[in-house]
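K.L.:
Turn this into a model:
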Amino acid sequence: MTSVAAPSARHPVRHPIWAKVTGITVVLLLLMGFVTYSSSANLKRLSRELALLSHYDIPLDQAVSDVRYDNLVQMLLFERIVALDPTHDLTPAQQAGDAAAAKLKSCDRAEVAAASKALRERFTDEAESYIAMYAVQGHCADMRLAVSQRLVDQALAAPNVANDIDLVRKFTRLQTQLAALPQARANLLEVTSTYLGAVQRGEAKSVSVLKAQLDANRRLVGLQAADISHALHEYTQGAAAEADQLEQNAFWLNWGITAGAALLGFLLASALTRNLVRPVRELLSGAQAIESGDLNIRVHVKSADEIALLAHSFNYMVAGLKEKESIKETFGKYVDPRIVATVLDSSSLAQQGEKRVMTVFFSDIEGFTSLCEQITPENVVRLLNHYFTTMSEPIAEQRGIIDKYIGDAIMAFWGPPFTTERDHAVLACKAALEQVERLDAFRQTLPDITGLRRGLPHFNMRMGICTGDVTVGTIGSSNTKNYTVIGDTVNLAARLEAANKYYGTRLIISDATYALAQDALEVRMLDRVRVMGKSEPVQIYELLGLAGQVSETRLALRTTFERGLAAYRRREWDAARGEFEACLQLEPEDGPAKVFIARLDRFAVQAPADGWDGIWNLEAK
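P.N.:
Reported below is the predicted structural model:
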């Protein structure tokens, strides 16, 4: 391994990166300031145009349109009055309309409609109701005309209009046009009033003359209002077009300046990156090589800035990683790499143990001794190596730690810091079920591994899983150590593995394991037992599979068996026997059912004592 000196003797930085970057930043900031100034100027002009549109042009257009509307409605009402040929006095209706109009605040359409409705309900005579509404509509037209005149006056007084000759001309022309409209409307209303008076008095000759004057005045008012409205439409459209053009100009100007700034910035950055990118790429390539596992990498940097110092530190770090990975690679073949990493990264772990809740797993090959008698020692080793490889993969996939191989047995454990505090029981059960699934495929390879084509014995395995307190840490002599777990939980897991032989099962878990993982599992309650070496009883379960993945037949067998177990614990021997025999009808080779039927046969000869608690003592280890 190449020795790399620690980066203590550092070369002075003659061309610091900050000075290079600061120079480019200052240039770009100046360009950004110019862009901002140009944008502000264009936005100011655009804002002025939009302000004119929103404060004067559009409200004026709307107000004049409303004047035309009110005038047209007023003339329609007048036509209806004339059509009714009123001959009686309409003065009270006129006065009522004036009074209603005086109460109006804004001449809002809804407010005018409400006032008109009230007047129609008040006057039963149609002519009277129309003349009252005629007065209201005329009042609204005059009110809106006054609003239009005030808007023009305000526009002319505004600084942004007073300083623009074109705008002053525009609003002065509108002021003149609006000033002529009230007089025209007053003449129209005067002729209208005179005409109605002549109609009431029955002066047919005067009515004819007044009718012609009335039509002429109506056309005049309409033309004046239309001229103003058309002029406002043109002004509004022109202002909108100018605002749109200003927006387009601002858009292209900003983008043009931005593109120029980007090009200049690119040229400046290119000059800088020629000195920066090459060493950075070398560092990146080195980091990617380390990520892919290649530690035979060394970065060569010739610059005289901070990157050179970084390169020296990088080479020093790679040397340390290479040395550490060499240790991991060597010991990872004998000990789980995660344990190696934990021991290397935590020196305290090598000096003391700690008590934790973990899940411990034991497995064993059924009838392995008799199998070894039929094959050569070389094939025994091949068989075990292939078996351990196949059955260790699910443990590693479920984040378990293989503690040791004991003959044909596997001991593994799950728990912090390799898993969370809540999922280690589920992970252990999933690994065991995955081993069961792989067992059939493994059996298919036995003829090739053992060389036996005939008389090959049935290959099966038994597993026990237990969760509880263990002592975990590095244990051993001063020369030989092992990171392992010890305690009653470990012993109980080994006893549960052996208990499979008694119950004719394959996978037994403890009550603590089931309590922690019950939402993810389907189990069958087996028995309450007292294993050899422990005085406290433990509830044990047969692990059937993951939740939702067990066949209906197995679930029915579980239900029937647990009914029999409940009757058995109540000393209802006949009921228990019936349930266990029903289990054999569902599955003739069900081991637990056969075990309990044998117990019932024994109790038939010699019943248990009165203080019997249903706990069974397992004598064998």
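
K.L.:
Now the helix or strand harbouring Ala96: average pLDDT?
P.N.:
Assigned by DSSP states H and E, Ala96 belongs to helix 91-103. What helix 91-103 shows for mean pLDDT is 70.

K.L.:
likewise stretch 560-568?
P.N.:
Here stretch 560-568 scores 96 as its mean pLDDT.

K.L.:
do stretch 134-146 as well
P.N.:
Averaging pLDDT along stretch 134-146 yields 74.

K.L.:
Flag every buried residue along it.
P.N.:
Neighbour-count burial for stretch 134-146 flags 134-145 (criterion: 16 or more other Cβ atoms under 10 Å). Any C-beta I mention is one placed from the backbone N, CA and C, and that applies to glycine too.

K.L.:
cool, and stretch 214-231?
P.N.:
So for stretch 214-231, counting by 16+ other Cβ under 10 Å, buried means 214, 217-218, 220-222, 224-225, 228-229, 231.

K.L.:
ok, those residues vs Ile465, which is closest?
P.N.:
Of all the buried residues of stretch 214-231, Ile465 sits closest to Ser229, with 90.5 Å by Cβ to Cβ.

K.L.:
sorry, back to before: among the buried residues of stretch 134-146, which lie within helices?
P.N.:
With helices defined by DSSP state H, the entries of those inside them are 134-145.

K.L.:
hmm, back to that, what's the following helix or strand after the helix holding Ala96?
P.N.:
Following helix 91-103 toward the C-terminus (DSSP H and E): helix 109-122.

K.L.:
Could you list every helix and strand in contact with that next one?
P.N.:
Judged by 3 or more Cβ pairs under 8 Å, 6 or more residues apart in numbering; DSSP states H and E, the packing partners of helix 109-122 are helix 91-103, helix 126-157.

K.L.:
switch the cut-off to 10 Å
P.N.:
Here helix 109-122 touches helix 58-83, helix 91-103, helix 126-157, going by 3 or more Cβ pairs under 10 Å, 6 or more residues apart in numbering; DSSP states H and E.

K.L.:
Just send these back as JSON lines, with distance to Leu433 too.
P.N.:
Shown next, in JSON lines, are those (distance: least, Cβ to Cβ, whole Å):
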{"stretch": "helix 58-83", "distance to Leu433": "75"}
{"stretch": "helix 91-103", "distance to Leu433": "87"}
{"stretch": "helix 126-157", "distance to Leu433": "84"}
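
K.L.:
I'd like to know which of those is closest to Ala113.
P.N.:
The nearest among these, by Cβ to Cβ, is helix 126-157 at 10.2 Å.

K.L.:
how would you label the residue with the largest distance to the centre of the chain: helix, strand or coil?
P.N.:
Relative to the centre of the chain, the most outlying C-alpha is that of Lys205, 86.0 Å out, by Cα atoms, centre = their mean. Per DSSP: H, G, I helix; E, B strand; the rest coil, the local secondary structure of Lys205 is helix.

K.L.:
show me what contacts it?
P.N.:
Lys205 sits next to Ala198 when contact means Cβ atoms under 10 Å, 6 or more residues apart in numbering.

K.L.:
where does the stretch 301-450 of the chain have low pLDDT?
P.N.:
Filtered on pLDDT under 70, the stretch 301-450 of the chain yields the residue ranges 301-309, 311, 324-337, 340-352.

K.L.:
Which parts of it are strands?
P.N.:
Using DSSP state E, counting those that start in this stretch, the strands assigned to the stretch 301-450 of the chain run over residues 354-366, 401-406, 409-414.

K.L.:
List the buried residues of the longest strand belonging to the chain.
P.N.:
In terms of residue count, the longest strand belonging to the chain (DSSP state E) is strand 460-476. Residues of strand 460-476 classed as buried by neighbour count (16+ other Cβ under 10 Å): 461-468, 470-474.

K.L.:
How about stretch 106-117?
P.N.:
Neighbour counts over stretch 106-117 (16+ other Cβ under 10 Å) mark 107, 112, 115-116 as buried.

K.L.:
Between these, which sits nearest Thr258?
P.N.:
Comparing the buried residues of stretch 106-117 against Thr258 with Cβ to Cβ places Cys107 closest, at 49.9 Å.

K.L.:
With Ala493 as the reference, measure out to the closest one.
P.N.:
When distance is defined by Cβ to Cβ, to the nearest Å, Cys107 is 92 Å away from Ala493.

K.L.:
For the closest residue to Ala225 other than its chain neighbours, give me its contacts.
P.N.:
Nearest non-adjacent residue to Ala225, counting by Cβ to Cβ, 6 or more residues apart in numbering: Arg68, 4.6 Å away. Shown in contact with Arg68 (Cβ under 10 Å, 6+ apart): 141, 144, 221-222, 224-226, 228-229.

K.L.:
Of those, which belong to strands?
P.N.:
Going by DSSP E, the strands hold none of the contacts of Arg68.

K.L.:
Out of the strands of the stretch 301-450 of the chain, flag the one nearest Arg298.
P.N.:
The nearest among those, by Cβ to Cβ, is strand 401-406 at 35.6 Å.

K.L.:
CA atoms only for that closest one - export them in PDB, please.
P.N.:
This file holds the C-alpha atoms of strand 401-406, laid out as PDB (Å, rounded to 0.1, in the frame of the first residue of the first chain):
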ATOM      1  CA  ILE A 401     -26.500 -11.600  11.900                       C
ATOM      2  CA  ILE A 402     -25.200 -15.200  11.600                       C
ATOM      3  CA  ASP A 403     -23.500 -15.800  14.900                       C
ATOM      4  CA  LYS A 404     -22.000 -19.200  14.100                       C
ATOM      5  CA  TYR A 405     -22.400 -22.500  12.400                       C
ATOM      6  CA  ILE A 406     -22.400 -25.400  14.900                       C
END
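
K.L.:
and that strand, what other elements does it pack with?
P.N.:
Applying 3+ Cβ pairs under 10 Å, 6+ apart, one finds that strand 401-406 contacts helix 337-345, strand 354-366, helix 377-397, strand 409-414, strand 481-486.

K.L.:
can we see that at 6 Å?
P.N.:
Using 3 or more Cβ pairs under 6 Å, 6 or more residues apart in numbering; DSSP states H and E, the elements in contact with strand 401-406 are strand 409-414.

K.L.:
from the buried residues of stretch 134-146, which single one is nearest Leu384?
P.N.:
The nearest member of these to Leu384, counting by Cβ to Cβ, is Arg144 at 102.7 Å.

K.L.:
what does whichever strand or helix holds Leu516 rub up against?
P.N.:
Counting by DSSP H and E, the element that carries Leu516 is helix 511-517. Contact with helix 511-517 is made by 425-426, 429, 465, 467-468, 523, 539, 541, as judged by Cβ atoms under 6 Å, 6 or more residues apart in numbering.

K.L.:
pLDDT (mean, whole number) over it?
P.N.:
For helix 511-517, the mean pLDDT works out to 96.

K.L.:
tell me which residues of stretch 153-167 are tucked away?
P.N.:
Within stretch 153-167, the residues scored as buried using 16+ other Cβ under 10 Å are 155-156, 158, 161, 167.

K.L.:
which of the residues you listed lies closest to Ala102?
P.N.:
Nearest to Ala102 out of the buried residues of stretch 153-167 is Ala155 (Cβ to Cβ; 28.7 Å).

K.L.:
where does that closest one land on pLDDT?
P.N.:
Confidence at Ala155, expressed as pLDDT, is 75.
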